[in-house]
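K.L.:
the following comprises the amino acid sequence and a computationally predicted model.
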Amino acid sequence: VVAAGAWAVWTLLPGTASPISDYGYAVLIEGELQAEGQTEAVQRLEPLPAQLTLTAQQDSSLRFQSTFAGVSDITAAAMYLRSGARVQLAALDRRRAESQTADFPTQVDLLLGDMLMLRETGERDLRIGALGGYAGLVGPGRAALGVRLDVGGVEIVCLAGTCMFQPASGELALLFAGQRLQPEDSSPQLFDAGVHQEWNRLCGACLSTP
């Protein structure tokens with residue numbers, strides 16, 4: 001009884017809860033990246049941990065992986081960077097050691113340029129952070145969104161499925177495939193085939209015909 005009581009008290013003490021770790025990482029599949037603080041370019045298939053800041057020296061594609069021993073659907077996600085894009089791998093597969101579900105979203109912060117996020121299957125919460133807000137995917141299944149950040153502000157392009165944008169201040173906006181949201185728009189607008197083709201080239205024809 002004494003031992004059981006001591007154990008109960010111990011589990012309630014501050015700092016004894018299971019720590020949150022990020023088990024995710026990205027690997028370079030195509031292109032060329034420079035990691036902040038490194039003098040050598042990122043090698044293909046090199047593990048890139050969360051919190052790393054990357055700059056695309058040319059159009060590049062990355063896949064997400066995880067070291068988590070249990071089930072992780074992060075492998076169904078990929079990102080594509082246009083040459084000159086700068087991103088931070090904010091959070092990839094954050095969870096508690098005993099958790100079998102993804103308790104936290106996967107988020108890559110776009111600091112400059114163009115980035116496309118693709119989810120092939122599953123329900124993983126994928127987000128692209130920009131200017132204090134974030135764009136994301138809504139609902140399960142295949143979905144893709146592109147985000148452009150430059151001196152003109154942030155542009156959200158929903159390329160497949162249903163997307164959303166939550167600005168740093170203001171109301172959340174829903175976008176459906178074929179719509180984009182630009183700084184001057186009060187609501188999402190349709191985009192033409194040329195925009196679709198531009199993003200489709202970036203991801204190596206990963207998008208279906210609109």
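P.N.:
Yep, it's here.

K.L.:
which helices and strands sit right next to the strand ranked longest in the chain?
P.N.:
Ranked by residue count and defined by DSSP state E, the top strand of the chain is strand 106-119. With contacts taken as 3 or more CB pairs under 8 Å, 6 or more residues apart in numbering; DSSP states H and E, strand 106-119 sits against strand 77-81, strand 86-91, strand 126-130, strand 133-138, strand 143-150, helix 193-202. The way it works is simple: take the backbone N, C-alpha and C, and place the C-beta from them, glycine included.

K.L.:
just checking, what packs against the fifth one?
P.N.:
To tie it back to what came earlier, the one meant is strand 143-150. Using 3+ CB pairs under 8 Å, 6+ apart, strand 143-150 sits against strand 106-119, strand 126-130, strand 133-138, strand 153-160, strand 162-166.

K.L.:
least confident secondary structure element in the protein?
P.N.:
Lowest on mean pLDDT, DSSP states H and E among the helices and strands of the chain sits helix 2-12, with a mean of 42.

K.L.:
ok, then the element right after it?
P.N.:
strand 20-22 (DSSP states H and E).

K.L.:
report the buried residues of that next one.
P.N.:
residue 22 (16 or more other CB atoms under 10 Å).

K.L.:
re the thing from before, give the pairing partners of the longest strand of the chain; include direction for each.
P.N.:
Sheet partners assigned to strand 106-119 using DSSP bridges are listed as strand 77-81 (antiparallel), strand 86-91 (antiparallel), strand 126-130 (parallel), strand 143-150 (antiparallel).

K.L.:
ok, residues contacting the second one?
P.N.:
Pointing back at strand 86-91 there. 22, 24, 26, 48-56, 79, 81, 104-113, 115, 129 (CB atoms under 8 Å, 6 or more residues apart in numbering).

K.L.:
how about that strand: buried residues?
P.N.:
86, 87, 88, 89, 90, 91.

K.L.:
average pLDDT for that strand?
P.N.:
Strand 86-91 comes out with an average pLDDT of 98.

K.L.:
what does the next helix-or-strand element following that strand contact?
P.N.:
Tracing the chain past strand 86-91, the next element assigned as helix or strand by DSSP H and E is strand 94-96. Outside strand 94-96, the residues that touch it by CB under 8 Å, 6+ apart are 18-24, 50, 68, 101-104.
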